[in-house]
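Trainee: Test case, fold it:
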Amino acid sequence: MANESQELARDLGFLEAYTIGVGTMIGAGIFVLPGIVAGSAGPASMISFAIAGVVSLLTALSLSELATGMPKAGGSYYYVNRAMGTFFGSIVGWAMWSGLMFATAFYMLGFGQYLTFFYGDIPVAGMALIMAALLVGLNYRGTKETGNFQNVIVVILIGFILVFVTFGVFNVQWDVLRPFNPQGWGAVASTAATVYVTYIGFEVIATSAEEIKNPGRNLPLAMIASVLTPMLFYVLVMLVSTGVLPVDELTASFVPVADVAREYLGTIGAIMMVLGAVLATVSSANASILSAARVNFAMGRDKILSDWLNVVHPKFRTPGRAIVVTGIVILALIAIGVGIETLADVASFSYLITYALVHVAVIVMRRAGPAEYDPDFKLPNWAYPAVPIIGAVSCLAVVAFMRPVVLIIGTGVIGVGIAWYLLYARSHAPDKSLVGEAIAGGPASLSSTNGRYRVVVPVSNPNTQRYLLRLAAATAAGHDNAEIVAVNVIEVPQQTALAQGVQYEEERLKRQQELLANVRDFAEELDVGVRTRAIVGRDVWRVVLNVIEDERAQEVILGWTGQRKRLGAVLGSNIDQIVSKASCEVTLVKTGDDAVGNAVALVGEGPNAPLGARRAHDFVTYADGASLTLLNVQPPVEDDDAPDPETVGQQLIDRVAQQTGIETYESKVVVADNVRAALLEAVSPYDTICIGSTRSTSVTQALFGSIPEKIGAESEGTVAIVSGPQYRPRTVSEAIVERLSA
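Mentor: Purely as a prediction, here's the structure:
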């Protein structure tokens with residue numbers, strides 16, 4: 001049975017989405033931070049919570065647009081990586097991951113502090129290490145009850161806080177609130193940076209965008225409401241805390257809200273808040289560990305991190321390695337004695353930098369305007385671009401007031417992201433930044449037909465040019481008003497002016513003219529329209545790409561020797577560049593005998609499989625006496641209830657044939673344990689082999705995948721590997737030049 005894309009049911013209304021958001025933010029910060037921030041800003045620390053809340057509200061609006069326009073796992077990391085490319089994606093990915101680990105260590109130290117309520121001499125760091133290790137172990141094994149347990153905790157915490165605030169406001173001593181702002185407004189701003197850690201969970205709503213009913217309305221409303229609710233709670237908790245206990249006593253306490261509650265609710269009230277703090281710190285730490293593993297997954301999916309981290313445990317079905325690595329860092333942060341305030345500050349720093357880039361991503365997506373970006377919620381005209389600009393500036397302004405030690409550590413985290421990009425991600429992850437499109441003010445369009453189907457054929461070898469032209473003619477024959485453009489390029493070094501090269505390369509120019517004359521003669525034999533272009537340029541690949549753009553070509557056919565090249569090139573330096581950057585279909589041909597003969601097309605689930613089948617069909621239709629076989633290889637199944645692999649393979653073949661309009665063909669399904677070996681053996685009897693490329697990753701990983709390349713290297717017949725058009729956004733430098741030239 002053919003596989004169908006999975007659709008996520010939209011069954012989350014406003015209330016459900018709002019509950020998810022509130023549940024992530026009514027947590028540890030409200031119990032742990034009052035003592036810390038009171039010492040920094042006094043009673044004015046309640047304003048710090050309000051400032052952090054307003055900054056979060058601005059981010060919630062920008063995230064709402066991005067989430068409904070790009071609903072995919074990874075949250076802020078995914079949005080920034082998609083809009084701004086791998087460089088910023090690496091920074092944000094590492095920032096989010098480190099922020100969650102610092103936040104978890106902060107929660108765990110808060111957990112240890114509240115245990116001192118029962119026994120004053122208990123080792124805070126020791127208890128934090130034990131509980132952190134336990135949570136890492138539980139997440140490693142996986143628990144089905146986590147979700148329901150989390151919901152129960154949220155209900156209990158909200159109940160405790162309502163009791164604390166309701167009774168507390170009637171016990172506020174207004175004299176205790178004076179002086180209200182003893183350290184000045186700079187301290188208030190610095191404290192806003194510390195408390196921002198309490199707001200970092202609201203984007204969990206954005207990651208659920210695909211499951212929310214009427215997301216254009218419910219998602220932004222849920223995000224705004226889920227920020228406003230805890231902001232109100234935080235301000236009221238600080239009002240009560242600094243209005244009941246003097247700042248000095250509050251600052252000296254390891255269990256601040258418990259000591260406050262004791263003043264007007266007695267021991268029962270204190271125990272209630274201790275229980276709430278223990279539940280909140282454990283719940284927040286658990287959620288952070290889970291989120292860290294999901295950030296790892298998103299980075300691994302985009303090749304920024306190695307998939308080694310994302311291997312799922314065969315027994316527990318959890319991303320065990322990612323959880324263990326995350327856990328080791330958390331335990332190390334606790335063990336080396338990083339201060340609890342510093343942990344909170346660094347976590348806040350990481351997310352403030354992330355959210356500043358999220359605001360920039362909104363502007364990039366709006367100005368770039370990629371076709372796939374169609375958000376259900378868009379910032380209204382009065383809010384764009386004001387909200388993302390003010391939001392980004394406010395995030396950075398809060399960062400500017402952080403303590404020097406936090407700025408040093410935070411800058412170090414960013415440095416790790418940059419170093420990782422330079423040493424690993426740049427060569428492994430495809431970079432499709434839209435910053436260039438944003439600068440230019442619109443997307444770079446793919447080649448349009450312009451009324452003609454054009455096939456570009458770079459020619460340089462007299463021994464292969466005839467066969468390449470024959471295959472180009474076969475492709476063109478299926479289209480009305482088709483034309484073949486044969487191109488030959490003479491390369492001259494950078495030190496030589498192009499006109500100078502034309503003047504002094506008489507011998508090479510003569511050979512070029514002879515080569516193209518032979519092309520025109522052969523075209524007359526084939527009875528196809530061919531136009532030739534003789535070009536002198538610096539780089540063959542740049543010239544070919546420019547020809548493709550100038551001609552608005554739909555296909556380029558490239559000759560290939562069948563062997564790898566050295567010095568980092570996968571298939572050859574010019575081929576690598578053309579394949580990875582061409583805005584049209586690319587057919588890479590290793591020429592065999594002149595006759596197409598018996599042709600086979602490999603059929604699989606890859607996006608380019610129909611292209612390979614269609615190209616094979618073009619070849620056999622144009623050739624006399626040629627036949628076409630569509631081949632699929634399936635692994636055997638051990639489960640008796642699983643579909644028969646031969647049936648699955650046949651249905652896949654029939655589906656591809658229907659997609660491409662192929663009516664006459666033979667089917668062949670091979671069932672084998674070793675799919676790779678079976679493929680290599682199955683294609684060996686055929687004269688021509690057509691394969692749709694299996695990858696769309698960066699050149700240095702492999703342009704087509706190991707199996708097509710292996711077939712191309714070992715087969716004695718003709719091998720054609722086909723890739724669909726690659727959308728290549730402008731680079732920043734290209735966009736600036738285009739903007740200045742406009």
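Trainee: any idea which helix or strand carries the nearest residue to V683 once chain neighbours are set aside?
Mentor: Leaving aside its chain neighbours, V683 sits nearest to I689 (5.0 Å; criterion: Cβ to Cβ, 6 or more residues apart in numbering). C-beta coordinates here come from the backbone N, C-alpha and C atoms, glycine included. When elements are assigned from DSSP states H and E, I689 belongs to strand 688-692.
Trainee: Please apply the same query to V32.
Mentor: Using DSSP H and E, V32 sits in helix 29-41.
Trainee: Can you name the element that comes right after that helix?
Mentor: helix 45-69.
Trainee: Now the following helix or strand past that next one - C-alpha only, CSV.
Mentor: Downstream of helix 45-69, the first helix or strand assigned by DSSP H and E is helix 76-84. Provided in CSV are the C-alpha atoms of helix 76-84 (Å, rounded to 0.1, in the frame of the first residue of the first chain):
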residue,chain,number,x,y,z
SER,A,76,12.7,29.3,17.7
TYR,A,77,15.7,27.4,16.4
TYR,A,78,13.9,26.2,13.3
TYR,A,79,12.5,29.6,12.5
VAL,A,80,15.9,31.3,12.8
ASN,A,81,17.7,28.5,10.9
ARG,A,82,15.2,28.6,8.1
ALA,A,83,15.1,32.4,7.8
MET,A,84,18.7,33.3,8.4
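Trainee: angle of helix 76-84 against helix 45-69?
Mentor: Interaxial angle of helix 76-84 relative to helix 45-69 (axes from the mean of the first three to the mean of the last three Cα atoms, to 10 degrees): 60 degrees.
Trainee: Can you name every helix or strand that helix 76-84 contacts?
Mentor: With contacts defined as 3 or more Cβ pairs under 8 Å, 6 or more residues apart in numbering; DSSP states H and E, the packing partners of helix 76-84 are helix 45-69, helix 86-115, helix 256-301, helix 340-368.
Trainee: in the second one, what counts as buried?
Mentor: It stands for helix 86-115. Neighbour-count burial for helix 86-115 flags 86-115 (criterion: 16 or more other Cβ atoms under 10 Å).
Trainee: who does the residue nearest to V683 bridge with?
Mentor: When assigned by DSSP bridges, I689 has beta-bridge partners V600, V719.
Trainee: What is the burial count for it?
Mentor: 27 (other Cβ atoms under 10 Å).
Trainee: Can you give me the pLDDT of it?
Mentor: Note on I689: pLDDT of 90.
Trainee: cool, the one 4 residues further on as well?
Mentor: Residue-level confidence at S693 comes out at 78, pLDDT.
Trainee: can I get the CA coordinates of the strand holding I689 in CSV?
Mentor: The C-alpha coordinates for strand 688-692 follow below in CSV (Å, rounded to 0.1, in the frame of the first residue of the first chain):
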residue,chain,number,x,y,z
THR,A,688,20.9,2.3,-19.5
ILE,A,689,20.2,3.0,-15.8
CYS,A,690,18.3,6.0,-14.7
ILE,A,691,18.2,7.1,-11.1
GLY,A,692,16.5,9.9,-9.2
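Trainee: so what does that strand touch, helix or strand wise?
Mentor: strand 598-602, helix 609-622, helix 706-714, strand 718-723.
Trainee: Mind listing what's buried along the third one?
Mentor: If you call a residue buried by 16+ other Cβ under 10 Å, then helix 706-714 has these buried ones: I707, P708, E709, I711, G712.
Trainee: Let me have those residues in CSV, extended by pLDDT and distance to F180.
Mentor: Output for the buried residues of helix 706-714, formatted as CSV (pLDDT from 0 to 100; distance: Cβ to Cβ, whole Å):
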residue, pLDDT, distance to F180
I707, 69, 71
P708, 70, 71
E709, 70, 71
I711, 78, 76
G712, 71, 75
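Trainee: which of the residues you listed lies closest to Q650?
Mentor: I707 (20.7 Å; Cβ to Cβ).
Trainee: can you pull the pLDDT of the residue in the chain sticking out farthest from the centre?
Mentor: The C-alpha centroid of the chain is most remote from D175, which lies 52.5 Å away (Cα atoms, centre = their mean). D175 carries a pLDDT value of 89.
Trainee: What of G478?
Mentor: G478 carries a pLDDT score of 78 in this model.
Trainee: List the contacts of it.
Mentor: Going by Cβ atoms under 8 Å, 6 or more residues apart in numbering, G478 touches D618, T621.
Trainee: Point out where the stretch 51-200 of the chain drops to low pLDDT.
Mentor: 73-74, 143-151 (pLDDT under 70).
Trainee: on that earlier part again, next, the angle strand 598-602 makes with the strand holding I689.
Mentor: Using the same axes, to 10 degrees, strand 688-692 lies at 20 degrees relative to strand 598-602.
Trainee: which phi and psi does G559 have?
Mentor: Here is the backbone geometry of G559 (degrees, to the nearest 10): phi -80, psi 150.
Trainee: isn't it right up against N461?
Mentor: Yes: the criterion here is Cβ atoms under 8 Å, and G559 meets it with N461 at 6.5 Å.
Trainee: Give me the more crowded residue out of those two.
Mentor: Neighbour count, other Cβ under 10 Å: between G559 and N461, G559 has more, with 21 against 11.
Trainee: pLDDT at the more buried one, what is it?
Mentor: 86.
Trainee: Can you report how many residues lie near the nearest residue to it once chain neighbours are set aside?
Mentor: Among residues not flanking G559 along the chain, T464 sits closest, at 5.0 Å (Cβ to Cβ, 6+ apart). The number of residues packed near T464 is 16, by other Cβ under 10 Å.
Trainee: Phi first, then psi, for T464.
Mentor: Per degrees, to the nearest 10, the backbone of T464 is at phi -120, psi -10.
Trainee: repeat for V393
Mentor: According to degrees, to the nearest 10, V393 has phi -60, psi -40.
Trainee: re the thing from before, run the angle between the helix holding V32 and helix 340-368 for me.
Mentor: Using the same axes, to 10 degrees: helix 29-41 against helix 340-368 is 100 degrees.
Trainee: Give me the helices and strands touching helix 29-41, please.
Mentor: Under the contact rule (3+ Cβ pairs under 8 Å, 6+ apart), helix 29-41 is packed against helix 45-69, helix 86-115, helix 185-195, helix 215-244, helix 247-252, helix 256-301, helix 340-368.
Trainee: wait, which of these is closest to E505?
Mentor: Closest to E505 of the helices and strands packed on helix 29-41 is helix 86-115 (Cβ to Cβ; 39.8 Å).
Trainee: Backbone dihedrals for the closest residue to G300 other than its chain neighbours, please?
Mentor: Excluding the flanking residues, the one nearest G300 by Cβ to Cβ, 6+ apart is N310, at 4.1 Å. In terms of degrees, to the nearest 10, the main-chain angles of N310 are phi -100, psi 10.
Trainee: Pretty sure I323 is one of the things N310 touches, is it not?
Mentor: No: N310 is beyond contact range of I323, at 10.9 Å (criterion: Cβ under 8 Å).
Trainee: For these two, indicate the residue with more neighbours.
Mentor: Remark: of N310 and I323, I323 carries more neighbours, 26 against 18, as counted by other Cβ under 10 Å.
Trainee: Got the confidence number for R728?
Mentor: Model confidence at R728, given as pLDDT, is 64.
Trainee: For F111, which non-adjacent residue is spatially closest?
Mentor: Nearest residue to F111, sequence neighbours excluded (Cβ to Cβ, 6+ apart): T281, at 3.9 Å.
Trainee: next one: I353
Mentor: A95 (5.4 Å).
Trainee: From Y351, how far out is that neighbour?
Mentor: In this view, A95 and Y351 are 7 Å apart by Cβ to Cβ, to the nearest Å.
Trainee: Kindly report the same for G276.
Mentor: Look at G276 and Y351: by Cβ to Cβ, they are 24 Å apart.
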